[in-house]
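Asker: I would like the atomic coordinates for the input below:
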Amino acid sequence: MDRLRASGLGLDVGEVGRTVRTAVGGSVATRLTEGDREYDIRVRFDRSAVTSAAELAQVPLFPRSQVPVRLRDVAFVREGSSPQTIERENQNRLVRVTGQVLPEVWSVGEASAAVREALAAYPLPEGYTASLAGGRRRPSARTSGCSRPWWASRSSWCSP
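Answerer: Numbering: from 1, shown residues only. I've put the predicted structure just below:
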């Protein structure tokens with residue numbers, strides 16, 4: 001999103017985000033109480049109105065200037081994929097990958113060394129780090145060995 005352009009048109013990021021959220025998934029406008037039950041009253045665009053990035057780019061925004069603009073006027077809209085959830089640690093986004101060592105294949109030390117070697121050979125973008133962590137879990141009837149998570153995190157996701 002072009003924050004400067006949006007601001008110049010009288011829009012803020014929150015307004016744009018709420019409009020996009022309403023267009024895509026709807027938003028709860030109020031709640032209806034009937035007896036001991038409550039129901040969300042959800043406002044949303046017609047499901048057939050926004051089925052692609054091109055249609056989302058056409059969503060109207062109503063800035064304080066009273067002259068409607070389209071989402072495409074303040075944001076680059078494209079289709080892509082994203083994680084279902086975003087995990088954070090100390091306000092930094094992170095990706096956690098976990099696995100278990102099969103003792104009949106590798107020892108914990110061998111597996112850790114292989115992961116370290118693979119991570120060393122993988123070039124991370126500037127601002128990202130990869131860490132190996134984990135601890136030994138007590139073996140059970142179904143699992144044995146060690147669970148060793150590692151993750152890559154970016155120190156800052158905000159651009160100036």
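
Asker: residue ranges with poor pLDDT in the protein?
Answerer: 134-160 (pLDDT under 70).

Asker: Quick check: what element follows the longest helix along it along the chain?
Answerer: Ranked by number of residues, the top helix in the chain under DSSP state H is helix 108-121. Scanning the chain past helix 108-121 towards its C-terminal end, the next helix or strand to appear is strand 128-132 (assignment: DSSP states H and E).

Asker: and that next one, how far from the chain's centre?
Answerer: Here strand 128-132 shows a centroid-to-chain-centroid distance of 19 Å under the convention C-alpha atoms, centre = their mean, to the nearest Å.

Asker: List the strands paired with that strand, with their directions.
Answerer: strand 150-154 (antiparallel) (DSSP bridges).

Asker: how long is stretch 38-48 end to end?
Answerer: Counting by C-alpha to C-alpha, to the nearest Å, you get 28 Å between the two ends of stretch 38-48.

Asker: what's in contact with that stretch?
Answerer: For stretch 38-48, the external contacting residues (C-beta atoms under 8 Å, 6 or more residues apart in numbering) are 22-33, 59. To be clear about C-beta, it is placed using only N, CA and C from the backbone, and glycine gets the same treatment.
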